[in-house]
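Q: got a sequence here, can you model it:
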Amino acid sequence: MAQGKVDAVVVGADRVVANGDTANKIGTYSHAVAAKHHNIPFFIAAPTTTLDAYLAVGDQIEIEQRPAEEITHFKGQRVVVQGIKVWNPCFDVTPGTLIEGIITEKGVVPRDAGTGRHQVAKFIAAQQQQQVNGHAEAANSSNGCSKSNNSSSVLALDAAGVVSFLASRPDLAARVGPAGSESSWTVKEVGDGNINFVYIVMGPSGGVCLKQALPFVRCVGEDWPLSQDRCRIEAEALQLGHGLCSLHVPEVYLYDPSSSIIVMELLAPPNVILRHAIVKGAIYPLVGRHVGNFLAATLFHTSLLSLNTHQVRDMVIKFTNPDLCALTEQVIFTDPYYPAPLNRWTRPQLDKAAADLQADAAAKVAVSNLKQKFCQNAEVLIHGDLHTGSIMVTPETTNVIDPEFAYVGPLAFDPAKIIGELIIPYLASDGHEAAEGTGSRREQRQWLLGTIVEVWEVFSSRYGAGLPADIPLCDLYAARIMYVSPYFGGGADVTKESAGSRGKQRQWLLDSSAVNFVSPCLGTWW
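A: Have a look, this model is predicted:
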């Protein structure tokens, strides 16, 4: 910059508020100050989904703290003295006054001629007006879960758009607050997944959760398109799941196909995502029983043990989900076994293990057989992505959310997926103890083992519990699940745990009490 070799600075953004103040990765602010000093224009280039006119100024942006261990530890070893305090924010906030222009895929955000402030609210209002005006008309035609129009022109809502959407529907608005109270509503985007946007809306009367599905993978953008029919599939799966297991599936209040939006029951605090709670060392003793009950109810009542063949065929058609199934086929059954661009593992420690896995012909044959089962075995309606990030918990309750991957698939997949996902934090506990102190995760490890056992025992004992005891078909199904589940769980673990960890998982399962959750035929597989 000092040498005159920089013509302009362009950075991204995580959030842009009404006056143009912008939150982005640490260092953005310092670049903006340096650019200002050298009279170099500084631009933000970000999608409209980052614009948030509901927050007036950058001071209102909540800046989360990253783990202190990123600063105090290296390779699991403490490198500073005990007791040192850490300030490790995720973002900094660049004032809008330092930003020459905010560039989006819809154009440049205008600036006020008098004050020079960026007019974010004015910019997004024009885009959303047609969509907001159409909400009342859509409400007349949208009853329950109708077919999606798969329109790629759906506009992403920001916080102000969320308020407008709900306020235009009195039945939904009443769940948040009385008419005229909209200015007191709070809206927070909490989606931590890769695909959709999730908003928590709170007001004087309570709150709702609003979820919007755009026609692409959120974390990648329009380069990875997805069908918006997944929103319909998720809404119908939630409605069906709530009807079969209301204690463990939230209620859907509205599905709006014109905007690819689901409005559902708010799982308010103290509900937390199970994955986040596990990372922090928490223990939830009822999770195993609740998840086992969820699996037994949803997988039994969508099987041929409960439905006739015509009903099953109708269900297969209704829940055909090619885009999300293809995503699973890629990240679980394909990518880990060759040098795929999205593969990640700890380098250089696991480089050899990754190379060995990708050269393992027997593993590739085995996973190809699993992929065939995943693609062809249309047995029950499965959640399709049942991991610790799709479960919300309190000490007394457990709710399964986010079934956008739902389709009619193998009976064993969901039980195996969640069991594999519980194995992962067990193995990760060594790293947490290295940071927190020896023995700090001992109780949680025992809970994780017990939860794995309980998930299996509750599910296998209650699956088909309403059928006469002398029907041998129940035993046949249980035996088949026990045989196939470890395959699917192993495939998922390769994806999540990084290549090379399966040997450790095998030994742990053999050495620990968790081996009780599967039949002796596991030995045949291994």
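Q: do a quick rundown of the helices in the stretch 201-350 of the chain.
A: Using DSSP state H, counting those that start in this stretch, the helices of the stretch 201-350 of the chain run over 229-244, 274-279, 287-300, 309-318, 322-331.
Q: helices and strands around the fourth one, which ones?
A: Looking back up the chat, that one is helix 309-318. Using 3 or more CB pairs under 8 Å, 6 or more residues apart in numbering; DSSP states H and E as the contact test, the elements touching helix 309-318 are strand 407-409. In short, each C-beta sits where N, CA and C put it, glycine included.
Q: so the next helix or strand after the strand it packs on versus helix 287-300, what angle?
A: Using DSSP states H and E, the helix or strand that follows strand 407-409 towards the C-terminus is helix 413-436. For helix 413-436 against helix 287-300, the angle by axes from the mean of the first three to the mean of the last three CA atoms, to 10 degrees is 160 degrees.
Q: okay, the helices of the stretch 201-350 of the chain in CSV with mean neighbour count next?
A: Putting these into CSV (neighbours: other CB atoms under 10 Å) gives the following:
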stretch, mean neighbour count
helix 229-244, 23
helix 274-279, 20
helix 287-300, 24
helix 309-318, 13
helix 322-331, 17
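Q: could those go into CSV alongside distance to residue 9 and mean pLDDT?
A: Converted to CSV, the helices of the stretch 201-350 of the chain look like this (distance: least, CB to CB, whole Å; pLDDT from 0 to 100):
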stretch, distance to residue 9, mean pLDDT
helix 229-244, 37, 95
helix 274-279, 35, 95
helix 287-300, 48, 97
helix 309-318, 50, 95
helix 322-331, 35, 92
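Q: ok, which of those comes nearest residue 362?
A: Smallest distance to residue 362 across the helices of the stretch 201-350 of the chain (CB to CB): 19.9 Å, for helix 322-331.
Q: which of the residues in whichever helix or strand comes after that closest one are buried?
A: Next helix or strand after helix 322-331 toward the C-terminus (DSSP H and E): helix 351-358. Using 16 or more other CB atoms under 10 Å as the test for burial, helix 351-358 gives 353, 354, 357, 358.
Q: right, and the helices of the stretch 201-350 of the chain - which one's nearest residue 163?
A: Nearest to residue 163 among these is helix 229-244; the distance by CB to CB comes to 20.4 Å.
Q: so which residues of the stretch 351-500 of the chain form helices?
A: Ranges of helices in the stretch 351-500 of the chain, per DSSP H, counting those that start in this stretch, are 351-358, 361-376, 413-436, 442-462, 473-497.
Q: is it possible to get TSV of the buried residues of helix 351-358 that adds pLDDT?
A: Output for the buried residues of helix 351-358, formatted as TSV (pLDDT from 0 to 100):
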residue	pLDDT
353	90
354	91
357	93
358	94
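Q: distance check, residue 64 against residue 162.
A: 21 Å (CB to CB, to the nearest Å).
Q: which one's more surrounded, these two?
A: Higher neighbour count among residue 64 and residue 162: residue 162, with 24 against 8, using other CB atoms under 10 Å.
Q: which residues touch the more buried one?
A: Contacts for residue 162 (CB atoms under 8 Å, 6 or more residues apart in numbering) come out as 187, 199, 201, 210.
Q: could you check the pLDDT of it?
A: You'll see residue 162 listed with a pLDDT of 93.
Q: what kind of secondary structure is it in?
A: Following DSSP: H, G, I helix; E, B strand; the rest coil, we place residue 162 in the helix state.
Q: can you pull the contacts of the nearest residue to residue 431 once chain neighbours are set aside?
A: The spatial neighbour of residue 431 that comes closest, neighbours along the chain excluded (CB to CB, 6 or more residues apart in numbering), is residue 76 at 5.7 Å. Applying CB under 8 Å, 6+ apart to residue 76 gives the contacts 431, 434, 435.
Q: count the neighbours of residue 180 for me.
A: Residue 180 has 8 nearby residues by other CB under 10 Å.
Q: before we move on, back to that, which of the buried residues of helix 351-358 sits closest to residue 44?
A: residue 354 (37.0 Å).
Q: residue 399 reaches residue 271, doesn't it?
A: Yes - with contact defined as CB atoms under 8 Å, residue 399 reaches residue 271; the gap is 7.2 Å.
Q: okay, these two: which has more neighbours?
A: Neighbours per residue, other CB under 10 Å: of residue 399 and residue 271, the larger number sits with residue 399, 22 against 17.
Q: and the pLDDT for that one?
A: Looking at residue 399, the pLDDT reads 98.
Q: against residue 409, how distant is it?
A: On the measure of CB to CB, residue 399 and residue 409 end up 22 Å apart.
Q: repeat for residue 454
A: Between residue 454 and residue 409 the computed distance is 24 Å (CB to CB).
Q: and if you look at residue 8?
A: Using CB to CB, residue 8 is found at 50 Å from residue 409.
Q: which one of these two has more residues nearby?
A: residue 409 (27 against 11).
Q: the more buried one bridge partners, please.
A: Following DSSP bridges, residue 409 is listed with bridge partners residue 380.
Q: pLDDT below threshold where in the protein?
A: Applying pLDDT under 70 to the chain picks out residues 127-154, 192-194, 216-225, 466-526.
Q: if you set the cut-off to 80 instead, what comes out?
A: Confidence mapping of the chain against pLDDT under 80 gives the ranges 49, 54, 76, 113-114, 125-156, 191-195, 215-228, 464-526.
Q: name whatever forms a beta bridge with residue 393.
A: Bridge pairing for residue 393 - DSSP bridges - gives residue 272, residue 398.
Q: quick one, what contacts it?
A: Contacts of residue 393 by CB under 8 Å, 6+ apart are 271, 272, 274, 277, 284, 287, 399.
Q: distance of the nearest residue to residue 77 once chain neighbours are set aside from residue 415?
A: Take residue 77 and drop its neighbours on the chain: the residue closest to it by CB to CB, 6+ apart is residue 434, 6.9 Å away. Distance from residue 434 to residue 415, counting by CB to CB: 31 Å.
Q: who has more neighbours, these two?
A: residue 415 (28 against 16).
Q: I'd say residue 187 and residue 197 touch.
A: No - Residue 187 lies out of contact with residue 197 (CB under 8 Å); the separation is 11.3 Å.
Q: those two: who's more crowded?
A: residue 187 (23 against 20).
Q: may I have the secondary structure class of that one?
A: With three-state DSSP as the basis, residue 187 sits in strand.
Q: beta partners of it?
A: For residue 187, the beta-bridge assignment (DSSP bridges) gives partners residue 201.
Q: list the buried residues of stretch 14-28.
A: Within stretch 14-28, the residues scored as buried using 16+ other CB under 10 Å are 15, 16, 17, 18, 19, 20, 21, 22, 23, 24, 28.
Q: check those residues and tell me the two furthest apart.
A: Taking CB to CB, the two most distant members of the buried residues of stretch 14-28 are 18 and 28; they sit 18.5 Å apart.
Q: quick one, which of the helices of the stretch 351-500 of the chain gets closest to residue 88.
A: helix 413-436 (13.5 Å).
Q: what helices and strands are in contact with that closest one?
A: For helix 413-436, the elements it packs on are helix 274-279, helix 287-300, helix 442-462, helix 473-497, helix 502-511, judged by 3+ CB pairs under 8 Å, 6+ apart.
Q: now it - C-alpha only, CSV.
A: The C-alpha trace of helix 413-436 is given here as CSV (Å, rounded to 0.1, in the frame of the first residue of the first chain):
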residue,chain,number,x,y,z
PHE,A,413,-28.9,-46.7,8.5
ASP,A,414,-30.3,-44.4,11.3
PRO,A,415,-29.3,-46.6,14.2
ALA,A,416,-25.8,-47.0,12.8
LYS,A,417,-25.4,-43.3,12.1
ILE,A,418,-26.2,-42.1,15.6
ILE,A,419,-24.2,-44.9,17.2
GLY,A,420,-21.2,-43.9,15.0
GLU,A,421,-21.7,-40.3,16.0
LEU,A,422,-21.5,-41.2,19.7
ILE,A,423,-18.3,-43.1,19.1
ILE,A,424,-16.7,-39.9,17.7
PRO,A,425,-16.8,-37.8,20.9
TYR,A,426,-15.7,-40.8,22.9
LEU,A,427,-12.5,-40.9,20.8
ALA,A,428,-12.2,-37.1,20.9
SER,A,429,-12.2,-37.1,24.7
ASP,A,430,-8.4,-37.7,24.8
GLY,A,431,-7.8,-34.4,23.1
HIS,A,432,-10.2,-32.6,25.5
GLU,A,433,-8.4,-34.2,28.5
ALA,A,434,-5.1,-33.0,27.2
ALA,A,435,-6.4,-29.5,27.3
GLU,A,436,-8.5,-29.7,30.5
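Q: no more questions from me, cheers.
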